[in-house]
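A.B. asks: A predicted structure for the sequence below; I have some questions about it.
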Amino acid sequence: MLRKLALGGIRSRFRDYAVLFSGLVIGSAVFYMFLSLATNKAFLTANTMVGMTSFIFGFGELLLVIITTVYIVYANSFLMSMRQRDYAMFMMLGAKSRKIAQLIFIETVTVGILAAVVGIVFGMGLTGVAGHALMAQLHAPATHFAVAWPPAIFWTFAFFLVMFVVGALINAHKLLKTPLLALLHAATTPNRLKAKPWTLAVQAAAALVLLAIGYWAMSQFAKLVLMGVAIALVTIVLGSYFLFNSLLVWLIGLLKKRKRFAAKGLHTFTLSQLSFRIRDYTRILAVVSILFALALGAITVGLGFERDIPDLAAKQNAYDAVVVAPNQATLAQARRLTGVVAQVNYHLKSDAKHFYFNAAELDRDPLMFARFSHGPTKYTKVTAANFAKNAGEYASQLDQFQPKQIGGRQPAVLSAAAFAKLDRPVQIAHTWRLKDFTANYDQLAALNKAMIKQYGKQSSAVYGQKFTYYAMVNGAFSGMAFMGFFLGIAFLAMLASTLMFKILSGASYDQSRYLMLQKIGVRPALLRRSVRQEIGALFLFPGLLGITHVLFGLKMFVGLLQEPYGHLALPFGLFLILYGVYYVLTVWLYERIVIRQDLAADSQQ
Amino acid sequence: MDKTGHNYPIGGINMAEQPVVSVKNVTKTYGKRGEKQYQALKGITFDVQPGEFVGIMGASGSGKTTLLNILSTLDRPTAGSVAINGQDVTALRGNQLADFRAKRVGFIFQDFNLLENLTARENIALPLALQNVKSAAQQAAVTQIAQTLGIAAVLDHYPTELSGGQKQRVAAARALVQQPAILFGDEPTGALDSQSARELLNTMAQLNAQQHVSILLVTHDPFSASYAQRILFIKDGQIGQELVHGEKTQEQFYQEILTTLGTFQQ
């Protein structure tokens, strides 16, 4: 009987539970996705820079645990708000406290376990699809990447179970302490916007000071390291909360005071809707702005790392490929390169200690060497005249001109006459400079294979190639980029479900209000506009604050990325499109709940 | 659907004026064809003249709420026509329907139906704001109607801070602020104590007598009904009987209603 009552409650309010449940499933799926990487040590060591691994994942795990906890707390209070009237009714009919506590326990834990199980399965699917797609994009070797990873399954399940058992106990305790009458008449009570001006001012000042400290801590990341992150996390979360609490209240009050604006159409109603739940919303908006910043930041940094890979490779070597005395197979591969900007051949001769360039050739086509520096890549042109001066500095780039079968010789220049006189066989060095290295990735990989076959893996010719260097940087950075994207998507998914869940969970209260408005003759188009504005405000403010957080937060990556602020249009644009899609979806769902399409159809009372 | 609506010859006391509400042969059937059907209204015909205060009485399940929903355009009849101020309301759709509700009819419901996130003032001003009436004009209209209904002192309170009687007055003010053709009341005293109920009914009678507001009141309470000039009794989806207040005192009329109810329900 007890189980029937508890589970019957779920069936009778299926739509509300569907919102709740889908949010929790996304939560646990993201949790699983993250853990499947974080607990896979073999994957991490194979794909990331050693020092950074534990730091990034430690930080990520901490955030994810905090955010998932907040989310589950919300989910639990939502669950209780749906059920407390029923529980009160059971109590009125004589159910004992113990029974009610059991009922709550069964219901809450069932929801938690189901969400965890479905979420883990869903998470495996996401991990498979997202993981493989991202790794293909980044040319990262998919070594040790596992879709079904037992430790992750275990920890996700354990975390959700513990959280929901604790949640159930708290829920039961809270419910049994509330007077029965209060439960029966649990209705929404209005929040009067009577915050005193000076409290608002104090909160606004506190917000600014806290945010300033947080932003400063992030800019001092090089010195403070983990401490800086911890300071920033605390101050920015609190600062965001105070900012919303003071700024929104002030803004709504201001708009309401402007009579000409407020007295038009549904403006008063829309503003009141916002102020009505402002206390409810400030917390969630603060959380959303943080999630927004984390998601956008992670994606921006991920893209930054990805962009740095060819950049860093370009700074090591001016030539995209150099092949000395190729055989037919190697040359055939080299000829398949596309978008060739410059193709220059040099004649080389070598003796026991040196290999020689022809001075006439160098003067006609100077050698190009990349000079390592921050910012745009700079090149040095080397001719016969400055060869000796530069040979030392660019030794590694000169290495790729080593005559293959011999190797281990020093580079040198001979005058045209001396070069002609030297009685040694001529070898030709073919150089290519390409418009787009990454577009030629497959051809270069094939060329690299042919060269290894011709010269052997350890030859300096292969080792000095840009492709080899690219592969090395890629190994280190693509892991970071991958994690950036992955975390970005994970945070975005959580943000999406958090805000959507919060807004939709209030929709059932709003239903009667919108029905009322329809009854007194508000045009459906006007109602829809009010919905769009209300939800728009809830999306806009955390979005703006989130962008500000990111702009300051990128300071942390000044030392790690070439240009952390260099290419923001792509990640910001992409992210805002996703955010926008998600706004449209929320509006659509909300309208379906609160606006009766055909009022006439079911107004029977 | 019968589209002849407003073309039929007007009957009743006042031949010169068009009736404010004109209901002709309205039926309402629930349930789809082929399924089990239930006929809530079986052909209702009556008029309300301008300035009239009409009561509609009936037991639970008699069809009176269905009738009111159709009159107030919240529901559509299966057949028959409803004209308000000469306009066939069953033909209205979408925005026309919304505008008609906003301008031509006012409602008071048993459960007040106030927006609890707006103050009394904002609740009353809402219909005007929807028509983009200037802010100053809105305030003037609100102040005036609030004085008429005796709620000027509580205008800046939220509904949860008001008593039941005050809430219903705010609802009445909101319904009347647009000066609608007719005021519909659905058991407006149902959730009020007897003192507040009496006050509200007195106010309605006063509005009717002094400002010629047409009122259609649906109720099952004989005392509320005794304020009307004419009462229609509905039973099983049909009008069974009609009582006219005439020259009787309210006490006499009340007794007559009680007697009628006693015999009518059997």
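C.D. replies: Now that the structure is in, tell me what you want to look at. The structure displayed is predicted, hence computed values, not measured ones. Numbering: from 1, shown residues only, chains lettered A, B, ... in the order given.

A.B. asks: for B:Glu35, give its distance to B:Thr29.
C.D. replies: 11 Å (C-beta to C-beta, to the nearest Å). Any C-beta I mention is one placed from the backbone N, CA and C, and that applies to glycine too.

A.B. asks: which residues does the worst-scoring helix or strand of chain B on mean pLDDT contact?
C.D. replies: Every helix and strand in chain B was compared by mean pLDDT, DSSP states H and E; the lowest is helix B:94-104, with a mean of 82. Outside of helix B:94-104, the residues that reach it under the criterion C-beta atoms under 8 Å, 6 or more residues apart in numbering or on different chains are A:518-525, B:72-73, B:84-85, B:87, B:89, B:92, B:127, B:130-131, B:178, B:180-182.

A.B. asks: how about it: buried residues?
C.D. replies: B:Leu97, B:Ala98, B:Asp99, B:Phe100, B:Arg101, B:Ala102, B:Lys103, B:Arg104 (16 or more other C-beta atoms under 10 Å in any protein chain shown).

A.B. asks: stretch A:273-281 now?
C.D. replies: With burial defined by 16+ other C-beta under 10 Å, the residues of stretch A:273-281 counted as buried are A:Gln273, A:Leu274, A:Ser275, A:Phe276, A:Arg277, A:Ile278, A:Tyr281.

A.B. asks: and these near chain B, which?
C.D. replies: Restricting the buried residues of stretch A:273-281 to those within reach of chain B (C-beta under 8 Å from any C-beta of the partner chain) leaves A:Gln273, A:Ser275, A:Phe276.

A.B. asks: close to chain B, is the host helix or strand of A:Val581?
C.D. replies: Secondary-structure assignment from DSSP states H and E places A:Val581 in helix A:569-594. No - judged by C-beta under 8 Å from any C-beta, helix A:569-594 makes no contact with chain B; its nearest approach is 13.1 Å.

A.B. asks: which ones are touching B:Ala191?
C.D. replies: B:Gln110, B:Asp111, B:Phe112, B:Gly164, B:Gln168.

A.B. asks: tell me how many other residues crowd A:Ile593.
C.D. replies: One way to gauge burial is a neighbour count; for A:Ile593, by other C-beta atoms under 10 Å in any protein chain shown, it gives 18.

A.B. asks: if I look at it, how far off is chain B?
C.D. replies: Note on A:Ile593: its distance to chain B, by C-beta to the nearest C-beta, to the nearest Å, is 17 Å.

A.B. asks: so the residue nearest to that residue when sequence neighbours are not counted versus A:Ala370, what's the distance?
C.D. replies: Leaving aside its chain neighbours, A:Ile593 sits nearest to A:Ala507 (4.3 Å; criterion: C-beta to C-beta, 6 or more residues apart in numbering or on different chains). The span separating A:Ala507 from A:Ala370 equals 59 Å under the rule C-beta to C-beta.

A.B. asks: over to A:Arg513?
C.D. replies: Separation of A:Arg513 from A:Ala370 (C-beta to C-beta): 66 Å.

A.B. asks: repeat that for A:Ile26.
C.D. replies: In this view, A:Ile26 and A:Ala370 are 46 Å apart by C-beta to C-beta.

A.B. asks: who's more crowded, those two?
C.D. replies: When A:Ile26 and A:Ala370 are compared on other C-beta under 10 Å, the one with more neighbours turns out to be A:Ile26, at 24 against 19.

A.B. asks: to what extent is the residue in the stretch 501-605 of chain A positioned nearest to chain B buried, counted in neighbours?
C.D. replies: Across the stretch 501-605 of chain A, the shortest distance to chain B (C-beta to the nearest C-beta) belongs to A:Gly521, at 2.9 Å. Using other C-beta under 10 Å, the number of residues around A:Gly521 comes to 25.

A.B. asks: quick check: mean pLDDT across stretch B:79-89?
C.D. replies: Model confidence over stretch B:79-89 averages 90 on the pLDDT scale.

A.B. asks: now do it: distance to the chain's middle.
C.D. replies: Stretch B:79-89 has its average C-alpha position 15 Å from the chain's average C-alpha position, going by C-alpha atoms, centre = their mean, to the nearest Å.

A.B. asks: report the separation between the closest residue to A:Gln465 other than its chain neighbours and chain B.
C.D. replies: The spatially closest residue to A:Gln465, leaving aside those adjacent along the chain, is A:Gln400, at 6.0 Å (C-beta to C-beta, 6+ apart). Relative to chain B, A:Gln400 is positioned 73 Å away (C-beta to the nearest C-beta).

A.B. asks: counting contacts, what elements does the helix holding A:Val581 pack onto?
C.D. replies: For helix A:569-594, the contact count by 3 or more C-beta pairs under 8 Å, 6 or more residues apart in numbering or on different chains; DSSP states H and E identifies helix A:278-316, helix A:466-519, helix A:524-553 as packing neighbours.

A.B. asks: of the buried residues of stretch A:273-281, closest to chain B?
C.D. replies: Within those, distances to chain B taken as C-beta to the nearest C-beta reach their minimum at A:Phe276, with 3.9 Å.

A.B. asks: what separates that closest one from A:Leu589, distance-wise?
C.D. replies: Taking C-beta to C-beta, one finds A:Phe276 at 20 Å from A:Leu589.

A.B. asks: mind checking how far the residue located most distally from the centre of chain A is from A:Leu414?
C.D. replies: Distance from the C-alpha centroid of chain A peaks at A:Lys421, with 62.8 Å (C-alpha atoms, centre = their mean). From A:Lys421 across to A:Leu414, the span is 8 Å (C-beta to C-beta).

A.B. asks: that older thread, which ChimeraX command selects the buried ones in the contacts of B:Ala191?
C.D. replies: With 16+ other C-beta under 10 Å as the burial test, the buried ones among the contacts of B:Ala191 are selected in ChimeraX as follows:
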select /B:110,112,164,168
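
A.B. asks: inside helices: which ones of the contacts of B:Ala191?
C.D. replies: If you go by DSSP state H, the contacts of B:Ala191 have B:Gly164, B:Gln168 in helices.

A.B. asks: out of the contacts of B:Ala191, who's nearest A:Trp155?
C.D. replies: Within the set of the contacts of B:Ala191, B:Asp111 lies nearest A:Trp155; the separation is 50.1 Å, counting by C-beta to C-beta.

A.B. asks: could you measure from the residue lying closest to that closest one once chain neighbours are set aside over to chain A?
C.D. replies: Computed as C-beta to C-beta, 6+ apart, the closest residue to B:Asp111 that is not its neighbour in sequence is B:Ala191, at 6.4 Å. Taken as C-beta to the nearest C-beta, the spacing of B:Ala191 relative to chain A amounts to 14 Å.

A.B. asks: now swap in B:Val48 and tell me
C.D. replies: As it turns out, when the distance is counted by C-beta to the nearest C-beta, B:Val48 lies 20 Å from chain A.

A.B. asks: what about the residue nearest to B:Asp111, which SS state?
C.D. replies: With DSSP: H, G, I helix; E, B strand; the rest coil as the basis, B:Ala191 sits in coil.

A.B. asks: could you check how many residues crowd around residue 244?
C.D. replies: Assuming you mean chain A. 24.

A.B. asks: oops, chain B please
C.D. replies: 13.

A.B. asks: from what I see, it and B:Ala228 are in contact.
C.D. replies: No - counting by C-beta atoms under 8 Å, B:Ala228 is not a contact partner of B:Val244; they are 9.5 Å apart.
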